[in-house]
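Student: Coordinates for the following, if possible.
(4 chains)
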Number of protein chains: 2
Amino acid sequence: MSPQNSQLKVSTLTLVKTACSNCNLRELCLPFGLEPNEMERLDTLVSSRRRLKRGEYLYRVGDTFDAIFAIRSGFFKTDVLIEDGRDQVTGFQMGGELLGLDGISTEQHTCNAIALEDSDICAIPFSQMEALSREIHSLQHHFHKVMSREIVRDHGVMMLLGTMRAEERLAAFLLNLSQRFTARGYSHAEFFLRMTREEIGSYLGLKLETVSRTFSRFQEDGHIAVQQKHIRILDVNGLKALMNRRN
Amino acid sequence: MSPQNSQLKVSTLTLVKTACSNCNLRELCLPFGLEPNEMERLDTLVSSRRRLKRGEYLYRVGDTFDAIFAIRSGFFKTDVLIEDGRDQVTGFQMGGELLGLDGISTEQHTCNAIALEDSDICAIPFSQMEALSREIHSLQHHFHKVMSREIVRDHGVMMLLGTMRAEERLAAFLLNLSQRFTARGYSHAEFFLRMTREEIGSYLGLKLETVSRTFSRFQEDGHIAVQQKHIRILDVNGLKALMNRRN
DNA sequence: CCGTTCGGTTGACCCAAGTCAACCACGATT
DNA sequence: AATCGTGGTTGACTTGGGTCAACCGAACGG
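Tutor: Here you go, the predicted structure:
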C-alpha cells in the first residue's frame, strides 16, 4: 500500500468516525428522526469535537454560552454552587445526551459541567442550530422535545428530593442508571459508577455516609452486590418495590 | 349615544383587552422583544382565551398536549403524583408565565395544572407557534430562552430541596414570591399567599406543620408578620441572611 | 345566628438521616 | 515493597423535621 493510500484511508476513517450520520448515538441525540440529507446538514454545524480528560471542565458558571454540547462518549456531572460552599449536583449525563441548555436563558452558563471520565463531545454553535432548525422542522421539533424532556426529568428529581426517603432515592437512582445503560446497549444489571458517594449524595440530597450505608443495606438484603464503584443489580423488582412503598 | 355605537365600543374594548400588543404582561410573556407587526401575528395564534375558576384544572397528567398556555391573570400550581398518593408541587405560576412546557416531550402532559384563584389564560397552539417561530427569529429565540429559564429555575429548586434547611427554604420561597410580585407592579413587602401551608410544604419538601412553625418563628424574630394567608415582610435583609448562612 | 368544615397553629414525642470519628481498601508514586 | 492520598465503610451519638393529636379561627351554607 502506498503512503498516499494509507493517508487517505486514515482520513476517511476519521471522517466516518466523527459524522452524526455514522454515530451510533444518533437515535438518542440531536439528529433523532432526521433524513440522511438533513443529518448531513447538521453535521456541517458540528464545528468542533473535543476530548476532555477526567476532571476537566466543559464549561463553568459564568462562561458565555454560545454552543450546546452533545456527549459522544464519556460521562459528566453538572453542578451549581452557592457562595458558602454548598453545592448541588443537578445531573449526570452520558453518551447521546445534551449539555449546556441552561445557558440559553441568560447567554451565560449557570452550572458547571465536569467530565467524570475521559470523554468526547461535539460542540454545536447555538445560533447556527437555531438557524438550521428554522429550515428543518423535525430538528426544530426534536430540539423542543429534548428541552421539554429536561424539564420533565427535573420534575422527577424534585419529586425524589421532595418526597422520597433515602432508600427510595437510591433505588430510583440505580434503576435510572440501569435503564440508561440499557438504552445504550450495556448491561442493565452490571455497571461501574463513574461518580463518588459524595457526588451521588449531592445529587440525591443525602450525605455520603447515608449513601454508603444504604448501599450496604441493599447488599445485605440481596438487592445488589456492591464493591466500591462496581454495582451488580441482583433483584430489579426488589428495588422497584422499595422505590414506591408508601410509609 | 346610539345602541349601535355603544355595541361597537364594547367590542372594541374587548378586542383591545385581549390582544398581546395591549397586554400589560407582554414584557414578561411570550411576546417579549417582538416588533409591533410581529406581535400582531402572534396575536392571531392565540386562539382561545379561557377563564378558570379557583380549583379548576387547566390540564391533567395524561391529557394530550397541543398548546402552551400563558397566564393573563391569576395564579396556578403544577404538581406531579405517584401511585401511592404522594405528590410534589413542582411550581407556582403567575401572570405572564407559561404553562404546559412539560407536555412537548411526549405530547402528553406529565403534571397537573390547577388554578389557585380565578384565572384567565391564553392558549397558544404549539405547532402553530413552532411554525411562526420559524419565521420570526426573535420569537424562536425568546421561546428557547423561556424553556431554558425553566430548566434553570428547576435547578434552583433542586438546590433548595437538596441542600437547604427548613428556614432557608421558606426564606428563599418568600423572597422569590416577593421578587415576582414586584416585577408585576405589586408590593414587594405585602401580599396574600394563594396556596395553603400544605401546598407550600409540598413544594419545599416539608410538612405543613413545619411550614406553619417556621412562619411563626420568622414572626417571633421580627422578619415577617403573618396572619393566615396575609404576609408582610418586615426585614428583607434578615430573610436574605437566613437564606445562606452555612450551618 | 349557629354549626360545620377546612386550614392553620401548637405541643409532645420519635426517628431517619446528619455529624463526628475511626478505620479500611485500593491506586498511584517513589 | 513502603508510603501516601483519596474514597469508602462502619459505629456511636445528635438533631431537625416528621408524626400524632388537640385545639383554634375564619368562611360558608342552611
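
Student: the strands in chain A, which residues?
Tutor: Under the criterion DSSP state E, strands of chain A are mapped to A:48-52, A:57-59, A:67-73, A:75-81, A:87-94, A:98-99, A:112-115, A:119-125, A:190-192, A:224-227, A:230-233.

Student: averaging pLDDT over each of those strands, which comes out lowest?
Tutor: In terms of mean pLDDT, the lowest-scoring of the strands of chain A is strand A:48-52 (a mean of 89).

Student: who wins for proximity to chain B among the strands of chain A?
Tutor: Checking those against chain B by C-beta to the nearest C-beta gives strand A:87-94 as the closest, at 4.4 Å. C-betas here are computed from N, CA, C, even on glycine.

Student: how does chain A divide into domains?
Tutor: Following automatic domain parsing, one gets these domains for chain A: A:3-136, A:164-244.

Student: what distance separates the last one from the middle of the whole chain?
Tutor: Taking the mean C-alpha point of domain A:164-244 and that of its whole chain, the gap between them comes to 17 Å (C-alpha atoms, centre = their mean, to the nearest Å).

Student: May I have the beta-bridge partners of A:Arg76?
Tutor: To be clear, residue A:76 is Phe; Arg isn't right here. For A:Phe76, the beta-bridge partners are A:Gln93, A:Ala115 (DSSP bridges).

Student: if I look at it, how far off is A:Glu97?
Tutor: 8 Å (C-beta to C-beta, to the nearest Å).

Student: go on, A:Ile233?
Tutor: Distance, A:Ile233 to A:Glu97, by C-beta to C-beta: 22 Å.

Student: do A:Ser133 as well
Tutor: Going from A:Ser133 to A:Glu97 by C-beta to C-beta gives 18 Å.

Student: What's the biggest helix in chain A, counting residues?
Tutor: In chain A, assigned by DSSP state H, the helix with the most residues is helix A:137-163.

Student: How about that one and DNA strand C, touching?
Tutor: No - using C-beta under 7 Å from any atom of the strand, helix A:137-163 never reaches DNA strand C; the gap is at least 10.4 Å.

Student: Neighbour count for A:Phe76 and A:Glu97, which is higher?
Tutor: Comparing A:Phe76 with A:Glu97 by other C-beta atoms under 10 Å in any protein chain shown, the one with more neighbours is A:Phe76, at 25 against 20.

Student: From DNA strand C, how far out is the more buried one?
Tutor: As judged by C-beta to the nearest atom of the strand, to the nearest Å, A:Phe76 and DNA strand C stand 20 Å apart.

Student: Please name the residues that touch that residue.
Tutor: By C-beta atoms under 8 Å, 6 or more residues apart in numbering or on different chains, A:Phe76 lies in contact with A:Leu58, A:Phe92, A:Gln93, A:Met94, A:Leu99, A:Ala113, A:Ile114, A:Ala115, A:Leu116, A:Ser119.

Student: Of those residues, grab the buried ones for PyMOL.
Tutor: The PyMOL selection below is limited to those of the contacts of A:Phe76 classed as buried (16 or more other C-beta atoms under 10 Å in any protein chain shown):
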select buried, chain A and resi 58+92+93+94+99+113+114+115+116+119
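
Student: Tabulate the contacts of A:Phe76 in TSV, adding columns for distance to A:Ser216.
Tutor: What follows is those, written out as TSV (distance: C-beta to C-beta, whole Å):
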residue	distance to A:Ser216
A:Leu58	33
A:Phe92	22
A:Gln93	28
A:Met94	26
A:Leu99	33
A:Ala113	31
A:Ile114	27
A:Ala115	29
A:Leu116	23
A:Ser119	30
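
Student: tell me the centre residue of chain A?
Tutor: Centroid check for chain A by C-alpha atoms, centre = their mean gives A:Gln93 as the closest residue, at 1.4 Å.

Student: I am assuming that residue contacts A:Asp102, so please confirm or correct that.
Tutor: No - at 11.9 Å, A:Gln93 does not count as touching A:Asp102 under the criterion of C-beta atoms under 8 Å.

Student: Next, show the common contact partners of the two.
Tutor: Residues touching both A:Gln93 and A:Asp102 (C-beta under 8 Å, 6+ apart): A:Thr78.

Student: Spell out which residues of chain A are next to DNA strand D.
Tutor: Going by C-beta under 7 Å from any atom of the strand, the residues of chain A near DNA strand D are A:193, A:196-198, A:208-209, A:211-213, A:215-216, A:226, A:228-229.

Student: quick one: which of those sit in helices?
Tutor: A:Arg197, A:Glu198, A:Leu208, A:Glu209, A:Val211, A:Ser212, A:Arg213, A:Phe215, A:Ser216.

Student: Which residues are in contact with the second one?
Tutor: To tie it back to what came earlier, the one meant is A:Glu198. The neighbourhood of A:Glu198, defined by C-beta under 8 Å, 6+ apart, consists of A:Leu208, A:Val211.

Student: Could you measure from it over to A:Gly74?
Tutor: A:Glu198 sits 20 Å away from A:Gly74, going by C-beta to C-beta.

Student: what's the neighbour count on A:Ala19?
Tutor: Other residues near A:Ala19 come to 17 when the count uses other C-beta under 10 Å.

Student: go on, A:His142?
Tutor: A:His142: 18 surrounding residues under other C-beta under 10 Å.

Student: how about it, what does it touch?
Tutor: Contacts of A:His142 by C-beta under 8 Å, 6+ apart are A:Leu30, A:Phe32, A:Gly33, A:Leu34.

Student: Also A:Met159?
Tutor: By C-beta under 8 Å, 6+ apart, the contact set of A:Met159 is B:Val80, B:Ile82, B:Arg86, B:Gln88, B:Thr90.

Student: The same query, at a cut-off of 6 Å, please.
Tutor: Residues in contact with A:Met159 (C-beta atoms under 6 Å, 6 or more residues apart in numbering or on different chains) are B:Val80, B:Gln88.

Student: and what of A:Ala67?
Tutor: A:Ala123, A:Ile124, A:Pro125, A:Phe126.

Student: let's see it at 8 Å
Tutor: Contact analysis of A:Ala67 by C-beta under 8 Å, 6+ apart lists A:Ser47, A:Gly100, A:Ala123, A:Ile124, A:Pro125, A:Phe126.

Student: burial of the first one, as a residue count?
Tutor: What it means is A:Ser47. Neighbours around A:Ser47, by other C-beta under 10 Å: 11.

Student: Skipping its backbone neighbours, what lies nearest A:Arg41 in space?
Tutor: Spatial nearest neighbour of A:Arg41, chain neighbours left out: A:Leu132 (6.3 Å); criterion: C-beta to C-beta, 6 or more residues apart in numbering or on different chains.

Student: Check whether that neighbour really touches A:Leu139, as I assumed.
Tutor: Yes - applying C-beta under 8 Å, one finds A:Leu132 in contact with A:Leu139, separated by 6.2 Å.
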